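Enquirer: Sequence and predicted structure, then a few things I'm wondering about:
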Amino acid sequence: MLRTGKPRLVAAPLFIPIALISFALSALISSDRTCASEEQSVVVIGKRSWTTQTNGAYLRWRDAVDFCATLRLGGYEDWRLPTLAELESLYSPDTQTGIRSPIRLGGCCLWSDTSLEERPAADDEIAGRARFYRWGFMYDGGHSYYAGPYFEDGEALCTREN
């Protein structure tokens with residue numbers, strides 16, 4: 001159909017990105033200082049920044065350390081593997097995955113940078129030196145575990161100081 005006459009003018013709406021509004025509101029209303037930026041895949045919880053996703057696959061502890069040490073995200077280069085206490089602080093038993101939202105896991109378990117030398121285990125059934133074993137946290141059960149450096153027993157979730 002052919003239209004004739006004057007073209008209709010349509011007022012363009014004011015464009016404010018929804019992500020920007022969401023980010024600002026979450027920073028204002030959150031009592032625990034939690035705010036997220038989906039496009040950067042970074043969340044701030046308290047005084048720490050966290051990646052919102054893991055590396056995506058189980059890997060050996062040394063590879064998890066390397067993953068975080070080489071991560072360039074959100075304009076920062078000082079990412080590291082968290083301590084066991086930092087991982088424990090993210091545990092949320094009331095969620096389906098056991099980890100605080102908006103962080104997403106690919107599996108159940110995350111490596112920490114805490115060794116058995118720094119935080120001894122209740123048992124002494126390790127082969128070798130305690131400094132070679134690292135703690136991890138199992139979010140689907142809310143338990144810590146330790147493993148040797150040769151096993152792909154966890155994923156890497158990275159953190160940094162704010």
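Expert: Noted; the coordinates are in hand.
Enquirer: now the helices for this structure?
Expert: Taking DSSP state H as the criterion, the chain carries its helices at 18-29, 61-69, 84-88.
Enquirer: Output the longest strand belonging to this structure.
Expert: strand 109-115 (DSSP state E).
Enquirer: Give the other helices and strands that it contacts.
Expert: helix 61-69, helix 84-88, strand 134-138 (3 or more C-beta pairs under 8 Å, 6 or more residues apart in numbering; DSSP states H and E). Quick note: C-beta positions are derived from backbone N, CA and C, even for glycine.
Enquirer: Distance from the longest one to the middle of the chain?
Expert: Yep, that's helix 61-69 we're talking about. Its chain's C-alpha centre and that of helix 61-69 lie 14 Å apart, by C-alpha atoms, centre = their mean, to the nearest Å.
Enquirer: any idea of the angle it forms with strand 109-115?
Expert: Angle of helix 61-69 versus strand 109-115, following axes from the mean of the first three to the mean of the last three C-alpha atoms, to 10 degrees, is 90 degrees.
Enquirer: cool, and the last one?
Expert: Here strand 134-138 points in a direction 150 degrees away from that of strand 109-115 (the same axes, to 10 degrees).
Enquirer: Run the chain-centre distance for stretch 69-81.
Expert: In terms of C-alpha atoms, centre = their mean, the centre of stretch 69-81 is found 12 Å from the chain centre.
Enquirer: quick one: average pLDDT of that stretch?
Expert: Stretch 69-81 carries an average pLDDT of 96.
Enquirer: Sketch out the low-pLDDT regions of this protein for me.
Expert: 1-40 (pLDDT under 70).
Enquirer: hey, where'd the strands end up in it?
Expert: Using DSSP E, strands in the chain cover 35-37, 42-45, 48-51, 109-115, 134-138, 143-147, 159-161.
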